[in-house]
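Enquirer: Give me coordinates for this.
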Amino acid sequence: MSTQDDPLAIFGNWYDDAKKNALFDPDVMALATCSAAGKPSVRMVLFRGIREGGFSFFTNYESRKGQELMEIPAAAVAFYWPHLGKQVRIEGRVERLSPGESDRYFQSRPMGSQITAAVSRQSRPLLNEREFLEQIRAVEQSGTGSVPRPPQWGGYKLIPDRFEFWTHRDDRRHNRTLFVREQDSWVVSKLYP
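Expert: You can find the predicted model right below:
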């Protein structure tokens, strides 16, 4: 398979280009999920590389996105790199990463982020912010030097079955190339702008 026929290779090349002279963090991606009731939601998350065969991101499993992924284990992500005039849309099924992979990533995070993940009840109502901040301070002052990954926090991987590569062109004549997984190969087509 040539690079032009492999959407993962194309993504890798574009991503490498996006990291050069970036205006903002090229790892920022929009993640869209949907509830069992058919209500969509989208938020910005950080892409954390290809792990265990999928596009990875990390969160609290009990957050809104975690609950939606439990109900409907599929999602879409979009990367937009304005300095390149390019975006990539990816859709597919979502699975949790292994506990070992989640542990490794959690321990690589800054200590403050580990503490916040351990204390936060992400996406649930914050009834007493002072109490939340006191819990954070208590963990900071415990002096243990490490924070174990909370069982409700970990990683996901989106296993792609659809890619769309979009390149800006003047007069809204954008170049759009679609890759759709059919069994063991990718079917490529062009889309109108």
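Enquirer: Now do the helices in this protein.
Expert: Remark: helices assigned in the chain by DSSP state H are 7-19, 64-71, 99-108, 111-119, 129-141.
Enquirer: all strands in this protein, in order from the N-terminus.
Expert: 28-34, 40-46, 50-51, 54-60, 74-81, 86-96, 153-167, 175-182, 185-191 (DSSP state E).
Enquirer: Packing partners of the fourth one?
Expert: Applying 3 or more CB pairs under 8 Å, 6 or more residues apart in numbering; DSSP states H and E, we find strand 54-60 packed against strand 40-46, helix 64-71, strand 86-96, helix 99-108, strand 153-167. (Glycine included, C-beta is placed from N, CA and C.)
Enquirer: Could you list the paired strands of that strand along with their orientation?
Expert: As defined by DSSP bridges, the strand partners of strand 54-60 come to strand 50-51 (antiparallel), strand 153-167 (antiparallel).
Enquirer: cool, and the fifth one?
Expert: Each strand paired with strand 74-81, and its direction, by DSSP bridges: strand 28-34 (antiparallel), strand 86-96 (antiparallel).
Enquirer: So, low pLDDT: which residues of the chain?
Expert: Residue ranges of the chain with pLDDT under 70: 1-2.
Enquirer: Could you rerun that using 80?
Expert: Along the chain, the model assigns pLDDT under 80 to residues 1-3, 143-146.
Enquirer: okay, the helices and strands packed on strand 54-60 in TSV with mean neighbour count next?
Expert: Formatted as TSV, the helices and strands packed on strand 54-60 follow (neighbours: other CB atoms under 10 Å):
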stretch	mean neighbour count
strand 40-46	13
helix 64-71	18
strand 86-96	19
helix 99-108	15
strand 153-167	20
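Enquirer: With that, I have no additional questions.
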